[in-house]
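Q: please find the sequence and the predicted model below.
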Amino acid sequence: MEPDDLTPAVLDRAAGYRLMNELAGPQTQDKTLRGLDDLAPGFPDWIVTSLFGGTYQRPGLELRDRQLLNLAALAALGGVEPQLADHVRNSLRVGLTREQITEVMIHLAPYIGVPKALAGMRVVTATLAEAPSAEAPRAEAPAGADA
């Protein structure tokens, strides 16, 4: 197979930053990305452009579905508590309820192991305790739509 035979990967840097700001809030750009760019110049831009401006822009999955997958993958990895907490907050913003987020960790226990599910549940509990009780969900844009 030659490169010309493959579907091109579309990267939309502007859409990536818009979506990241919508999901995580503008404070992420100011706080997290600037600090990371000081340490590793260009790395945060690559993350936002390739992930939020590429992978998240693909058709086939709604943003809510992507957040469910993120919760599961991060809990299964373990040791990524800050990222899991961020995605708990993002999940609230896309309309998942506190109960649904908690149920994700319960559902994962037989698949990823009880210790990792419990560790995930600790992150969920702490993050939900800090979150506003009625996080306003965002309007769901179609997958691949300019967010």
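A: Ah, there it is.
Q: packing partners of the host helix or strand of residue 100?
A: Assigned by DSSP states H and E, residue 100 falls within helix 98-112. Contact analysis of helix 98-112 by 3 or more C-beta pairs under 8 Å, 6 or more residues apart in numbering; DSSP states H and E lists helix 63-77, helix 81-93, helix 114-130 as its packing neighbours. The C-beta positions use only the backbone N, C-alpha and C, and glycine is treated the same way.
Q: pretty sure residue 93 is touching residue 21, no?
A: No - contact criterion C-beta atoms under 8 Å: residue 93 and residue 21 do not qualify, at 11.2 Å.
Q: please look at residue 85 and residue 127 and confirm they touch.
A: Yes - with contact defined as C-beta under 8 Å, residue 85 reaches residue 127; the gap is 4.5 Å.
Q: buried ones in stretch 50-64?
A: By neighbour count on 16 or more other C-beta atoms under 10 Å, the buried set for stretch 50-64 is 52, 53, 54, 56, 57, 63, 64.
Q: meant to ask about stretch 107-119, not that
A: Using 16+ other C-beta under 10 Å as the test for burial, stretch 107-119 gives 108, 109, 112, 116, 117, 119.
Q: so who does the third one touch?
A: For residue 112, the contact set (C-beta atoms under 8 Å, 6 or more residues apart in numbering) comprises 72, 75, 76.
Q: highest neighbour count among these?
A: Highest neighbour count within the contacts of residue 112: residue 75, with 27 neighbours (other C-beta atoms under 10 Å).
Q: centroid-nearest residue for this protein?
A: The centroid of the chain falls nearest to residue 87 when counting by C-alpha atoms, centre = their mean (4.7 Å).
Q: sorry, back to before: in CSV, list the buried residues of stretch 50-64 along with secondary structure.
A: Shown next, in CSV, are those (DSSP: H, G, I helix; E, B strand; the rest coil):
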residue, secondary structure
52, helix
53, coil
54, coil
56, helix
57, helix
63, helix
64, helix
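Q: low-confidence ranges, this structure, go.
A: The model of the chain has pLDDT under 70 over residues 134-147.
Q: try it again at 90.
A: Residue ranges of the chain with pLDDT under 90: 1-10, 24-35, 131-147.
Q: so what's residue 68 closest to, chain neighbours aside?
A: Leaving aside its chain neighbours, residue 68 sits nearest to residue 104 (6.4 Å; criterion: C-beta to C-beta, 6 or more residues apart in numbering).
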